[in-house]
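Enquirer: return a 3D structure for these sequence lines:
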Amino acid sequence: MAVIYPFRALRPPVEKVEQVASVPYDVVNTQEARSLAGENPLSFLHVTRPEIDLPEGTDIYSDAVYEKAGENFQKLTRECPLERETEPSLYLYRLKMNDHVQTGVAACCSVDEYDGDLIRKHERTRPDKEDDRTRHMITLRAQTGIVFLTYRADRRIDALVEAETKNAPLYDFTAPDGVRHTVWRAPAPEQIARAFREVPLLYIADGHHRAASASRARAALRERNAQHTGEEEYNRFICVVFPDDQVQILPYNRVVKDLNGRAPEDFLAAVGARFEVTEGANPQGPGKSGHWHMYLGGRWHGLTLKEGAPVNRGDDGDDDPTRTLDVSLLQDNLLDPVLGIKDQRTDKRIDFVGGIRGARELEKIVDEGRASVAFAIHATSVADLLRVSDAGAVMPPKSTWFEPKLRDGLLIHEI
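Expert: As a prediction, this is how the structure comes out:
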């Protein structure tokens, strides 16, 4: 049973929402955040990436950064000013990017359900990133980053959401990247919350570190609270829950800096020992699973595994649902045996390029000499994500790139 909770959002006034709303903190580095915030004192990046207001070279995990986050959050709350809802609410959040539209329910979910795996995961988290967002939450006593969840679509929920979106929206604006963001406040949230109780499981699509940090922040705040009841807001985390048939995953492509000591022709021969290689592949990337496109020496090559290529199995002999993913097959049959990349998490020779940047970005990286070879991969499917999560397995790093992305600063959950 999936339990969602209304919450009293802290949010910007309608007339200033476009100035406040910002890209998620983890899709930009410090330099990019500083450029995006520019001369805009209301940008929420001053809260989520506060190092942009400190001297260049400041350690992003230093005490000064978290102190600045707290100062900037209080200043924005006071001077914008941010508005606090008088009653707990649910919200509907629609994203429109080109022809793609998805509408989810913005709510709070239970940390207990996250800890108990009723909210399922498919990704390992890094301790340093958990440490960062945990400290950020505790300093602000607020969750500023939204966890993106999905569930197996339910027609009854679809109908309830569609009915609510016939009303006038609370926010409706198009961000600089062309994505349209529309938010409604649900006047009667109880019916939607009841419908979700028929949903057996929720799944994290994007935001594993935010969810893990909410769990750690809850543990720390509970330890400090001698009167803990379980009903405190820190027992919940903010999310938007989208039906799986509306979620869009783009490819997460790879570039590798060198050819592992091989000349291009020797590298191509080594690849040809394992893959059928064709010339003139579509620069837009493979159109279906089981195909890869490789950019080498100014040319695109199509790759398909040769007959009888091995598909690894789990350590216990049972089929591992991650081994048949395109990202895994590329790793097991090319990146490791040919290029010598054993661990994509730690090897500095490999880098990852989100599909939103397109195949032309791969060409540019190779043509400029920043990498020797690039691989365009077919996007992991939502069905694969659910299958891996249900098996309790972990996807390889950088298996999914979700677009469009939610904006930070629209809805804030105080804890």
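Enquirer: does Thr125 touch Ala214 like I think?
Expert: No. Using CB atoms under 8 Å, Thr125 makes no contact with Ala214, being 11.7 Å away. The way it works is simple: take the backbone N, C-alpha and C, and place the C-beta from them, glycine included.
Enquirer: more neighbours, those two?
Expert: When neighbours are counted by other CB atoms under 10 Å, Thr125 and Ala214 differ, and Ala214 comes out ahead with 29 against 15.
Enquirer: tell me the SS of the closest residue to Arg49 other than its chain neighbours?
Expert: Leaving aside its sequence neighbours, Arg49 sits nearest to Ala33 (CB to CB, 6 or more residues apart in numbering; 4.0 Å). Per DSSP: H, G, I helix; E, B strand; the rest coil, the secondary structure class of Ala33 is helix.
Enquirer: contact partners for Ala33?
Expert: 25, 45, 48-49, 52 (CB atoms under 8 Å, 6 or more residues apart in numbering).
Enquirer: Thr174 now?
Expert: Taking CB under 8 Å, 6+ apart as the test, what Thr174 contacts is 180-181.
Enquirer: of the contacts of Ala33, which pair is most distant in space?
Expert: Spatial extent of those (CB to CB) is set by the pair Tyr25 and Ile52 at 10.9 Å.
Enquirer: was I right about Lys16 contacting Cys80?
Expert: Yes. If you go by CB under 8 Å, Lys16 and Cys80 touch, sitting 5.9 Å apart.
Enquirer: which neighbours do those two have in common?
Expert: In contact with both Lys16 and Cys80: Leu42, using CB under 8 Å, 6+ apart.
Enquirer: of those two, who's got more company?
Expert: Cys80 (18 against 13).
Enquirer: what about the more buried one, distance to Arg11?
Expert: Going from Cys80 to Arg11 by CB to CB, to the nearest Å gives 10 Å.
Enquirer: can you list the strands that the lengthiest strand in the chain pairs with?
Expert: For the chain, the longest strand by residue count, based on DSSP state E, is strand 100-110. Here strand 100-110 is paired, per DSSP bridges, with strand 4-5 (antiparallel), strand 90-97 (antiparallel), strand 236-243 (antiparallel).
Enquirer: including mean pLDDT, could the ones you listed go into CSV?
Expert: Putting those into CSV (pLDDT from 0 to 100) gives the following:
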stretch, mean pLDDT
strand 4-5, 97
strand 90-97, 98
strand 236-243, 98
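Enquirer: tell me which of these is the most buried.
Expert: Mean neighbour count (mean count of other CB atoms under 10 Å) peaks for strand 236-243 among those, with a mean of 26.
Enquirer: after that one comes which helix or strand?
Expert: strand 249-250 (DSSP states H and E).
Enquirer: low pLDDT regions in the protein?
Expert: Under the criterion pLDDT under 70, the flagged ranges of the chain are 309-318.
Enquirer: once you drop chain neighbours, what's closest to the residue nearest the centre of it?
Expert: In the chain, the residue lying closest to the centroid (CA atoms, centre = their mean) is Asp206, at 3.2 Å. Nearest residue to Asp206, sequence neighbours excluded (CB to CB, 6+ apart): Phe148, at 4.0 Å.
Enquirer: did I read that right, that neighbour in a helix?
Expert: No. Under three-state DSSP, Phe148 sits outside any helix and is assigned strand.
Enquirer: would you quantify the distance from it to Pro396?
Expert: For Phe148, the distance to Pro396 - CB to CB - is 19 Å.
Enquirer: what about the two, which has more around it?
Expert: Phe148 (23 against 20).
Enquirer: quick one, what contacts the more buried one?
Expert: By CB under 8 Å, 6+ apart, the residues touching Phe148 are 204-207, 239-240, 242, 402, 406.
Enquirer: secondary structure of Leu330: a helix, I assume?
Expert: Yes. Counting by three-state DSSP, Leu330 is found in a helix.
Enquirer: show me the contacts for it.
Expert: 254, 292, 375, 377.
Enquirer: show the contacting residues for the third one.
Expert: Meaning Phe375. Contacts of Phe375 (CB under 8 Å, 6+ apart): 253-256, 292-295, 330, 334, 362.
Enquirer: tell me which two of those residues sit farthest apart.
Expert: Greatest spacing in the contacts of Phe375, by CB to CB: Leu334 and Leu362 (15.6 Å).
Enquirer: the strands in the stretch 201-350 of the chain, which residues?
Expert: 202-206, 236-243, 249-250, 252-256, 275-279, 292-296, 299-305, 350-354 (DSSP state E, counting those that start in this stretch).
Enquirer: and the ones you listed as TSV, adding distance to Asp132?
Expert: Below are the strands of the stretch 201-350 of the chain laid out as TSV (distance: least, CB to CB, whole Å):
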stretch	distance to Asp132
strand 202-206	17
strand 236-243	16
strand 249-250	25
strand 252-256	22
strand 275-279	40
strand 292-296	34
strand 299-305	38
strand 350-354	20
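Enquirer: which of those sits closest to Arg141?
Expert: Per CB to CB, nearest to Arg141 of these: strand 236-243, 13.3 Å.
Enquirer: quick check: angle from that closest one to strand 202-206?
Expert: Inter-element angle recorded for strand 236-243 and strand 202-206: 90 degrees (by axes from the mean of the first three to the mean of the last three CA atoms, to 10 degrees).
Enquirer: for the residue lying closest to Glu162 once chain neighbours are set aside, list the residues it contacts.
Expert: Distance criterion CB to CB, 6+ apart; nearest residue to Glu162, sequence neighbours excluded, is Thr103 at 7.9 Å. Residues in contact with Thr103 (CB under 8 Å, 6+ apart) are 92-95, 161-162, 165, 242, 246.
Enquirer: let's see 7 Å
Expert: Residues in contact with Thr103 (CB atoms under 7 Å, 6 or more residues apart in numbering) are 92, 94, 161, 165, 246.
Enquirer: my read is that Arg387 contacts Thr322, right?
Expert: No. Look at Arg387 against Thr322 with CB atoms under 7 Å: they stay out of range, at 9.4 Å.
Enquirer: neighbour-wise, which of the two wins?
Expert: It is Thr322, of Arg387 and Thr322, that has more neighbours when counted by other CB under 10 Å, with 20 against 16.
Enquirer: what ranges do the helices span in the chain?
Expert: Applying DSSP state H to the chain gives helices spanning 17-20, 30-37, 45-48, 63-79, 111-115, 127-140, 155-164, 189-196, 208-224, 264-272, 326-330, 359-367, 382-390.
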